[in-house]
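1. give me coordinates for this.
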Amino acid sequence: MRILFTILPVTSHLLPLAPVAWALQSAGHEVRVVTHTHPTMPGVISGAGLNAVSLGERIDLAAAVRATFENETLQGIAEALAIDPEDSNLWQMVRHYVVSTFGMYFQPDGGHPMVDELIEFTESWQPDLVIWDPLFFPAPIAARACGAVHARLLWGLDRFGWIRSEFRKWLAEDASRPDLMAAAMKPTLDRLGQEFDEELLVGKWTIDPTPPEMRLPTDLTYVPVRPVPYNGAVEVPAWLLERPSKPRVCLTLGTSGRELFAENEISVDEVLRSMAELDIEVVATLNATQLAAVETVPATVRTIDYLPLNLLLPTCSAIVHLGGTGTLAAAVAQEVPQLLIPKDGSEYVDFANFVASRGAGVVIEQRNLTTDLVKEQLVRLLGEQSFKDGAATLRKEMMATPSPTEIVPVLEKLTVQHGR
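-> Just a heads-up that it's a prediction; the model follows:
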C-alpha cells in the first residue's frame, strides 16, 4: 500500500508518528510524510528516515493560531462545551489551541493553500491510506477527494474527539442550534463539491498511543498502540558509557522551560544550584538560551544541548521535566521515577497527574514551585522504593499494549474493509 502521513510542523508531533511509519515501511509499504512548508521540519522528518513532502505556504503556526482568537464561531464552539470556568487549564487548551487550529484551515471564502495542494498531491500519488495528525484537517478532505481511506494518529489525549462528542450532545439538546463546526467547513466543502460528515472531523478510526485509562469519553473506534520513545539519533558520548558514581538525575525543560521558571520568579540558575546541594549527578539538557542566565554551572552538573532521552535515561535514577508526552514515554520505558512540573494550558497537567496516580512520580504545580520543594521531592523520588515500584508497574502496563509492528496487520485489514 501507499500510506501518507500528514502532520503540523511541530517536532513533538513527529516523534510518536515515526515508529508507526517505520513499522509500516518495514512491512513493505510506501510511506510519505506531508507537512507545511517550514524552515526545519522537512529536515527533521527526513532525519527520521522518512520521506518528507512540503506543501502549502510557509506557516508561522503560533501566529496563525493567534489570528483566530477573535473568531466568534470558534468562541461559540468552545463556549458550548460548558467548561468549568475555574478550569483555566482546559479552557486555554481547548479554545486557544485545539479549536483555534481547526479554525485556522477554514476561511470564510473557502480557500486555503494547503487544502488545494494536498488534494493535488494525493490525486497524483494516490495513497491507499491517509493517517493524519488530529489537528491537520485538510487531510480527510484530500483523502476523500482521491478515494483514500483515512484515520487519525494521536500524539496526546483525543481532545478534539472529546470536543466533537460534547458538542454533539449540546446540539442534541436543542434542534434549533446550529452545527458551528459544519458551518465553518461549509465554504471549503461547497467549493470542492463535498458534503460534511463526522469522518471529516474524527476519521474512520483513530490510532491511540495514550494509556487506555486516560482515554476521554467518546463513541469513537480506537486502535491502541504502544508509545515507542523516539527522540532523534546522535553519536553516543563517551561519558555516557561509564557507570555514574552517584545517582544521576536528568533535568530537561524543553523549549518553554525558561519561560515557565521566569513566571514563578525562579531561574534555571537557582534550580541547578539547588539540585547541586544534593549528593547526585545532574545532567541538564539545556540549550544556549536556557543557559544564558546561569552564572556558574555547578561542578556536579553536566549540561548538554541535546541528547536523546532513550540514551540518557537508562543511566538515570530520576528525571525532572514538564510533562511532555515524548519525555514521559521515554521515562516510562526506562522505569525512571519522575518529578513533573507541568505547564498550564496544556494536557501536560493530565499526564503528570496520571503518572502520580500510578505512584511513578510526584507533581509540583506551577503556582507552588520553589527550589526547596524541587529538592525535597527529589530526595523522596531517590529514597523511597515505592516510586521505583510505581515506575515498574507503569512500564508493565505500557508493554502490554500492542507495538507499532503488531498493529500493522490491523491497519491493513481496516484499510481493506473501508477501501475503494
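
2. okay, the residue nearest to residue 243 when sequence neighbours are not counted: pLDDT?
-> Spatial nearest neighbour of residue 243, chain neighbours left out: residue 315 (7.6 Å); criterion: CB to CB, 6 or more residues apart in numbering. (Glycine included, C-beta is placed from N, CA and C.) Confidence at residue 315, expressed as pLDDT, is 97.

3. also residue 262?
-> 52.

4. then the one 10 residues further on?
-> According to the predicted model, the pLDDT of residue 272 comes to 90.

5. number of residues surrounding it?
-> Counted with other CB atoms under 10 Å, residues neighbouring residue 272 total 23.

6. can you pull the contacts of it?
-> The contact partners of residue 272, by CB atoms under 8 Å, 6 or more residues apart in numbering, come to 251, 282, 284, 294, 297, 298, 301.

7. got the residues you listed as CSV, with pLDDT and neighbour count columns?
-> Converted to CSV, the contacts of residue 272 look like this (pLDDT from 0 to 100; neighbours: other CB atoms under 10 Å):
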residue, pLDDT, neighbour count
251, 94, 23
282, 95, 23
284, 93, 23
294, 85, 19
297, 89, 17
298, 91, 16
301, 93, 20
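
8. now the residues you listed in TSV, with secondary structure and distance to residue 218?
-> As requested, the contacts of residue 272 are exported to TSV (DSSP: H, G, I helix; E, B strand; the rest coil; distance: CB to CB, whole Å):
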residue	secondary structure	distance to residue 218
251	strand	36
282	strand	41
284	strand	39
294	coil	45
297	coil	47
298	coil	48
301	strand	44
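
9. export those to TSV and tack on distance to residue 372?
-> As requested, the contacts of residue 272 are exported to TSV (distance: CB to CB, whole Å):
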residue	distance to residue 372
251	16
282	17
284	19
294	19
297	21
298	17
301	18
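
10. dihedrals phi and psi, the residue nearest the centre of the chain?
-> Residue closest to the average C-alpha location in the chain (CA atoms, centre = their mean): residue 155, at 3.8 Å. Per-residue torsions, residue 155: phi -120, psi 0 (degrees, to the nearest 10).

11. and it, how far is that from residue 209?
-> 8 Å (CB to CB, to the nearest Å).

12. and which of the contacts of residue 272 is nearest residue 417?
-> residue 251 (47.0 Å; CB to CB).

13. correct me, but the residue nearest to residue 243 touches residue 248?
-> Yes - Residue 315 is within contact range of residue 248, at 5.5 Å (criterion: CB atoms under 8 Å).

14. what residues does the closest residue in space to residue 43 that isn't next to it in sequence make contact with?
-> Of all residues not flanking residue 43 in the chain, residue 52 sits nearest, at 7.8 Å (CB to CB, 6+ apart). Going by CB under 8 Å, 6+ apart, residue 52 touches 32, 33, 34, 35, 41, 42, 43, 45, 46.

15. which residues does residue 52 bridge with?
-> Taking DSSP bridges as the rule, residue 52 bridges to residue 33.

16. phi and psi next, for the residue lying farthest from the centre of the chain.
-> The outermost residue of the chain relative to its centre, with distances by CA atoms, centre = their mean, is residue 176 at 36.1 Å. Backbone torsions for residue 176, taken as degrees, to the nearest 10, come to phi -80, psi -10.

17. try residue 223
-> For residue 223, the backbone dihedrals are phi -110, psi 100 (criterion: degrees, to the nearest 10).

18. what does the one 3 residues further on give?
-> Main-chain torsions, residue 226, degrees, to the nearest 10: phi -70, psi 130.

19. strands of this protein, start to end?
-> Remark: strands assigned in the chain by DSSP state E are 2-6, 30-36, 52-55, 129-132, 149-153, 206-208, 222-224, 248-252, 281-285, 301-304, 318-321, 338-340, 361-363.

20. and the angle from the longest one to strand 2-6?
-> Counting by axes from the mean of the first three to the mean of the last three CA atoms, to 10 degrees, strand 30-36 points 20 degrees away from the direction of strand 2-6.

21. number of residues surrounding residue 137?
-> Residue neighbour count, defined by other CB under 10 Å, stands at 25 for residue 137.

22. how close does the closest residue in space to residue 323 that isn't next to it in sequence sit to residue 122?
-> In this structure, residue 323 finds its nearest non-sequential neighbour in residue 348, 3.3 Å apart by CB to CB, 6+ apart. Note on residue 348: its distance to residue 122, by CB to CB, is 34 Å.

23. is it true that residue 407 touches residue 207?
-> Yes - using CB under 8 Å as the test, residue 407 is close enough to residue 207 to be in contact (7.2 Å).

24. who touches both of the two?
-> By CB under 8 Å, 6+ apart, residue 407 and residue 207 have these common neighbours: 20, 223, 225.

25. go ahead and measure how far stretch 388-408 is from the middle of the chain.
-> 18 Å (CA atoms, centre = their mean, to the nearest Å).

26. wait, I meant stretch 17-30
-> Mean C-alpha position of stretch 17-30 versus that of the full chain (CA atoms, centre = their mean) differs by 19 Å.

27. likewise stretch 292-304?
-> That offset, for stretch 292-304, works out to 29 Å (CA atoms, centre = their mean).

28. helices along the stretch 251-400 of the chain, start to end?
-> In the stretch 251-400 of the chain, the helices defined using DSSP state H, counting those that start in this stretch lie at 257-263, 268-276, 288-291, 309-312, 325-333, 348-357, 371-383, 385-399.

29. one more: the stretch 1-150 of the chain?
-> Per DSSP H, counting those that start in this stretch, the stretch 1-150 of the chain carries helices over the ranges 11-14, 17-26, 41-47, 61-66, 72-79, 88-93, 99-104, 113-125, 138-146.

30. how about the contacts made by the residue nearest to residue 323?
-> For residue 348, counting by CB under 8 Å, 6+ apart, the contacting residues are 322, 323, 324, 340, 342.

31. at 7 Å instead, please
-> Residue 348 makes contacts with 322, 323, 324, 342, as judged by CB atoms under 7 Å, 6 or more residues apart in numbering.

32. how close does residue 129 get to residue 14?
-> Counting by CB to CB, the gap from residue 129 to residue 14 is 18 Å.

33. then residue 389?
-> 33 Å.

34. any idea of the pLDDT on the residue lying closest to residue 80 once chain neighbours are set aside?
-> Once flanking residues are discounted, residue 80 sits nearest to residue 170: 4.5 Å by CB to CB, 6+ apart. pLDDT, residue 170: 94.

35. so how far is residue 81 from residue 170?
-> Counting by CB to CB - residue 170 and residue 81 are separated by 7 Å.

36. sketch out the low-pLDDT regions of the stretch 251-400 of the chain for me.
-> Low-confidence segments of the stretch 251-400 of the chain (pLDDT under 70): 254-266, 345.
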